[in-house]
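J.: My questions concern the predicted model and sequence given below.
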Amino acid sequence: MSNPADLFDLTGRVACVTGASAGLGQRAATVLARAGARVVGVARRAAALDEWSREIGENAAVVAADLSQRDQITQIAGEIAAPFGAPDILVHAAGINTRESADDVTPEGWDVTMNLNLAAPFFLSQAFAPMMKQRGWGRIVSFASLQTTRAFPGGLAYGASKAGIGQLTRAMAEAWSKDGITANAIGPGFFPTELTDPVFSDPERAARNAAQTCAGRNGNLSDIDGPLLFLCADASAYVTGQVLMVDGGFTAK
């Protein structure tokens, strides 16, 4: 029997993490780098990416790009592969929530939400799938949401995109897992990030959300570390097409 710790060792792997300039995306990028991977962080904000890269050191590279521009995905994929080669691991953490009510959803808000939250994870995965197939190994981890299965006020477009992530995850698993590529998703509960600042800036609302979980608290960024590493490593070789809710039991109640 091999050392169980080897199941979580990413030494020699190359990872790409979108949304790496802040929040859960940056946390994910850091976790993978600490586990031994060389990591390319992708986001729009170059300054924040550069700061993260300096913190990680030589195992980090960055690409400043807007993934909501679908016609640029091929070019962006080339930039991602330039520093360390085509990635073995893709973590799709970039996202947007316009928080438009159903009556106020605009075509512009709808398009940017679908392009960034749903189209970018697929087309970026599609761009790198051939190289993963050649190696016989790949990990695709998308970020789902509580709204993958629940409806929240002001979340029509966002919720639709995250419901789509659930099915996209299953469909990519069906298409590519026979070639050694697993496709899974993490569904975070309430975590303090820029995206959820409107929630956490209201202490009463944050407390109400915490009370709705089985654990009785909201998430800390560190709560994502283990589930993410599991899905990106050899440990999850026979896990594919799944949405792992990391929500303190919110969806269990």
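T.: Good, I have the coordinates. Residues are numbered from 1 along each chain as shown.

J.: for the chain, where's the lowest mean pLDDT among helices and strands?
T.: helix 197-200 (a mean of 83; mean pLDDT, DSSP states H and E).

J.: got the CA coordinates for the next helix or strand after that helix in CSV?
T.: Downstream of helix 197-200, the first helix or strand assigned by DSSP states H and E is helix 203-211. C-alpha atoms of helix 203-211 as CSV (Å, rounded to 0.1, in the frame of the first residue of the first chain):
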residue,chain,number,x,y,z
PRO,A,203,-24.8,41.0,10.6
GLU,A,204,-28.5,40.1,11.2
ARG,A,205,-28.7,38.4,7.8
ALA,A,206,-25.4,36.6,8.2
ALA,A,207,-26.5,35.3,11.6
ARG,A,208,-29.8,34.1,10.1
ASN,A,209,-27.9,32.3,7.3
ALA,A,210,-25.7,30.6,9.9
ALA,A,211,-28.7,29.5,11.9
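
J.: quick one: contacts of the following helix or strand past helix 203-211?
T.: Using DSSP H and E, the helix or strand that follows helix 203-211 towards the C-terminus is helix 225-232. Residues outside helix 225-232 that contact it (CB atoms under 8 Å, 6 or more residues apart in numbering) are 8, 10, 15, 27-28, 31-32, 35, 37, 89, 91, 139, 141, 182, 184, 186, 235-236, 239, 244, 246. Every residue, glycine included, has its C-beta placed from N, CA and C.

J.: ok, now stretch 71-90?
T.: 10, 13-16, 32, 37-38, 40, 42, 61, 63, 65-67, 120-121, 123-125, 127-128, 131-132, 135, 137-141, 232.

J.: hmm, which of the residues you listed are the buried ones?
T.: Neighbour counting with 16 or more other CB atoms under 10 Å marks 10, 13-16, 32, 37-38, 40, 42, 61, 63, 65, 67, 120-121, 123-125, 127-128, 132, 137-141, 232 as buried within the contacts of stretch 71-90.

J.: Could you tell me which of the contacts of stretch 71-90 belong to strands?
T.: Within the contacts of stretch 71-90, residues falling in strands by DSSP state E are Val14, Ala15, Cys16, Arg38, Val40, Val42, Ala61, Val63, Gly138, Arg139, Ile140, Val141.

J.: Tabulate the residues you listed (TSV), appending pLDDT.
T.: Formatted as TSV, the ones in strands among the contacts of stretch 71-90 follow (pLDDT from 0 to 100):
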residue	pLDDT
Val14	98
Ala15	98
Cys16	98
Arg38	98
Val40	98
Val42	98
Ala61	98
Val63	98
Gly138	98
Arg139	98
Ile140	99
Val141	99
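
J.: just these now: which is nearest Met172?
T.: Comparing the ones in strands among the contacts of stretch 71-90 against Met172 with CB to CB places Ile140 closest, at 6.1 Å.

J.: how close does the nearest residue to that closest one once chain neighbours are set aside get to Met132?
T.: Distance criterion CB to CB, 6 or more residues apart in numbering; nearest residue to Ile140, sequence neighbours excluded, is Ala183 at 4.4 Å. As defined by CB to CB, to the nearest Å, Ala183 lies at a distance of 10 Å from Met132.

J.: overlap in contacts of these two?
T.: Counting by CB under 8 Å, 6+ apart, the residues touching both Ala183 and Met132 are Trp176.

J.: Just the buried ones out of the contacts of helix 225-232, please.
T.: 8, 10, 15, 27-28, 31-32, 35, 37, 89, 91, 139, 141, 182, 184, 186, 236, 244, 246.

J.: Before I go, just wanted to say thanks for your time.
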